[in-house]
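Colleague: Got a predicted structure here, sequence first:
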Amino acid sequence: MFDYPKTLKEAKEYKYNQWAGNSKGNSYVNSHCAYEIWINMLPYQCSRKNGYGPEMLYCWQHAKKLK
């Protein structure tokens, strides 16, 4: 299970969309929610605006899931 970032440093170190076809993954985008979502069996960073939850890293919807 994915351990969601609690700090900005952890979010910047995590690679989103990392899988066999994209072994390097994608870096954290500062203006987006740090939650990892799955679309068509591939992991992506949530594209909603952040501003809630630990260190304001999450969108409103995903911050509620972390409580």
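Modeller: Perfect, I can see it now. Just so it is clear, the model here is predicted, and its values are computed rather than measured.

Colleague: now stretch 14-26, how far from the chain's geometric center?
Modeller: 12 Å (Cα atoms, centre = their mean, to the nearest Å).

Colleague: what's in contact with it?
Modeller: In this structure, residues lying in contact with stretch 14-26 by Cβ atoms under 8 Å, 6 or more residues apart in numbering are Pro5, Ser27, Tyr28, Ala34, Glu36, Leu42, Pro43, Tyr44, Gln45. Bear in mind the C-beta positions are built from the backbone N, C-alpha and C, glycine included.

Colleague: ditto for stretch 49-67
Modeller: Taking contacts as Cβ under 8 Å, 6+ apart, the residues outside stretch 49-67 that touch it are 4-8, 11, 31-35, 46, 48.

Colleague: List only buried entries from these.
Modeller: Among the contacts of stretch 49-67, those scoring as buried are Tyr4, Pro5, Ala11, His32, Cys33, Ala34, Tyr35, Cys46, Arg48 (criterion: 16 or more other Cβ atoms under 10 Å).

Colleague: was I right about the third one contacting Ala34?
Modeller: Yes - counting by Cβ atoms under 8 Å, Ala34 is a contact partner of Ala11 at 4.6 Å.
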